[in-house]
Every structure is written in C-alpha cells, then in structure tokens.
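>>> Build me a model:
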Amino acid sequence: MLETSTHNKVPMDAQARTACIGPDGSAAHVARMIAMISGRWKLPILFRLFAEPSMRTLQLKRDIPGVSQKMLTQHLRELEDDRLIVRTDHDEQPPRVEYSLSEGGRKLMPVLMAARLFSEQHRP
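Numbering: from 1, shown residues only. Alright, predicted model coming up:
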C-alpha cells in the first residue's frame, strides 16, 4: 500500500504524485478548464446558450445586462477558440451569425451545474 499524506491525501510515490500535480496531471487539467471559462462574461454566455439552442449576437447582448459589444465579441471569440461554442455564419445579406454550444460546451454544462449546486450548498 502506498504511503499518503494524511492532510492532502496525495500519494507520496513520485509517479502517482505526478499524475495528480505534474504538468499533465489532474490539477493542470482543472486549471486549464477554469482558464477557459474565466472572464466576466463567459459564464453568462455559456448559460444563455445552454438555455437557448442558438442565439444571435444582439440577442446575447440584450440578455446579458452590462456587457459591451467589444467584450461580448472578445469573449465569444475566446469561447470559440476553446471549442466551447460554435459560430455559424449563414452567408446572407444582411449578415446573420448565430452561436450555439459545441459538443464540448454541452459536456461542460453538467460540471457548471454541479459547481452551481456546490455554491448554493456552501454559502458563507
């Protein structure tokens, strides 16, 4: 049986410890996911797109009070780069662009809902 630190429950074996806190370990993957959703407007965008299957930029701007067009566009691009949302350009005049959750974004939603539940149950 491996010795463990009683405080952190992190395996003391070097190989097992790397799997937890190494450069490609569990902590690194969770930190990368948190970086993907970091930003004042990313969570509201994701939750709106979870509620509606497809939305245009103007609809998102109306539904998210206080967001500027610049910040909305920036966060939409970042979420698209991280493959959490999909941008669909309908190639029409006037231009019509819609956003929806990608498969990865849909897989992330149960994690965000669990985080919401955790927050509700762990109020200070």
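>>> Around residue 33, how many other residues sit close by?
Neighbourhood size, residue 33 [other C-beta atoms under 10 Å]: 14. Where you see a C-beta, it was placed from the backbone N, CA and C, and this is true even at glycine.
>>> quick one: the helix or strand it falls within to chain centroid distance?
Residue 33 is part of helix 26-37 when elements are defined by DSSP states H and E. Computed by C-alpha atoms, centre = their mean, to the nearest Å, the chain-centroid distance of helix 26-37 equals 9 Å.
>>> which parts of that helix are buried?
Under the neighbour-count criterion of 16 or more other C-beta atoms under 10 Å, helix 26-37 has 36, 37 buried.
>>> Show the subsequent helix or strand relative to that helix.
helix 42-51.
>>> Point out where this structure drops to low pLDDT.
Within the chain, the ranges that satisfy pLDDT under 70 run 1-12, 14-19.
>>> Helices of this structure, residue ranges please.
Listed in chain order, the helices of the chain (DSSP state H) span 14-21, 26-37, 42-51, 57-63, 69-81, 103-121.
>>> Quick check: the residue positioned nearest the centre of the chain vs residue 96, distance?
Nearest residue to the geometric centre of the chain (C-alpha atoms, centre = their mean): residue 37, 3.6 Å. Distance, residue 37 to residue 96, using C-beta to C-beta, to the nearest Å: 27 Å.
>>> Great, nothing more from me.
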